[in-house]
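**Student:** Next come a sequence and a model predicted from it.
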Amino acid sequence: MADLQVVGGVKKLNNQNYNTWSTCIMSYMQGQDLWEVVKGTETKQPEAEDNNGNLRKWKIKAGKAMFVLKTTVEEDILEHIRDMSTPKEAWDKLLALFSKKNDTKLQLLENELLFVSQRDMTIPQFFHKVKSTCREITELDPQSQISETRMKRIIIHGLKPEFRSLVTAIQGWATQPSLVEFENLLAG
């Protein structure tokens, strides 16, 4: 039961959290030596039992991996993998369901990025907001990766007016700071 408590700390997969869920579940399965039956070298069931009991061992690992997958998804998503016979099939089905480009969500995120402003956020909160929105856009459409330079321009545009003089001074430097350095300068 101790194993379930670790998985229990991961929010069940729903229609909005695939990237977080998949990252956590992948790490969990790697730690439990189950990942090999999902996306590794043991994704296919051995054809026959051998002297080492490899078929039995595979069935146990596959059963554990399927249990993890089926108990960490919402019921409506479970319907998509309920009848899958291997963890690889189930994982690939979930990947296919959630990695499709969602043009509407992509458009909403890009609009959000255009109008993002610091308002009552602290500098770290504001930087996190911009960076996480950029990351979500890239996850939905890898061709739309947002450069660090563009992120800095977006941040500069959304900063409170009290930071304008500091930004102007920084922009005059011969070598521009990285995004992390820029955040530290503004926060410090």
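**Tutor:** Cool, the structure landed.

**Student:** domain ranges for this protein?
**Tutor:** 2-98, 103-187 (automatic domain parsing).

**Student:** how long is the last one from one end to the other?
**Tutor:** Pointing back at domain 103-187 there. End-to-end distance for domain 103-187, by C-alpha to C-alpha, to the nearest Å: 35 Å.

**Student:** Count the neighbours of the closest residue to Leu94 other than its chain neighbours for me.
**Tutor:** Excluding the flanking residues, the one nearest Leu94 by C-beta to C-beta, 6 or more residues apart in numbering is Ile81, at 6.5 Å. C-beta coordinates here come from the backbone N, C-alpha and C atoms, glycine included. Residues near Ile81, counting by other C-beta atoms under 10 Å, number 19.

**Student:** wait, Ile81 sits on Lys70?
**Tutor:** Yes - counting by C-beta atoms under 8 Å, Ile81 touches Lys70, with 6.7 Å between them.

**Student:** Was I right to think Tyr18 contacts Leu94?
**Tutor:** Yes - under the criterion of C-beta under 8 Å, Tyr18 makes contact with Leu94 at 7.4 Å.

**Student:** Tell me which of the two has more neighbours.
**Tutor:** Neighbour totals were compared for Tyr18 and Leu94, and Leu94 leads with 21 against 17 (other C-beta under 10 Å).

**Student:** Now name the helix or strand holding that one.
**Tutor:** Under the criterion of DSSP states H and E, Leu94 resides in helix 87-98.

**Student:** and the residue nearest to Leu94, what is it in contact with?
**Tutor:** Residues in contact with Ile81, defined by C-beta atoms under 8 Å, 6 or more residues apart in numbering, are 69-70, 73, 89-90, 93-94.

**Student:** Please repeat the previous calculation with a cut-off of 7 Å.
**Tutor:** Shown in contact with Ile81 (C-beta atoms under 7 Å, 6 or more residues apart in numbering): 69-70, 90, 93-94.

**Student:** buried ones in stretch 144-158?
**Tutor:** 146, 151-152, 154-156, 158 (16 or more other C-beta atoms under 10 Å).

**Student:** out of those, who's nearest Leu113?
**Tutor:** Sorting these by how near they are to Leu113, with C-beta to C-beta, puts Ile154 at the top with 6.2 Å.

**Student:** Three-state assignment for that closest one, please.
**Tutor:** Secondary structure state of Ile154, per DSSP: H, G, I helix; E, B strand; the rest coil, is helix.
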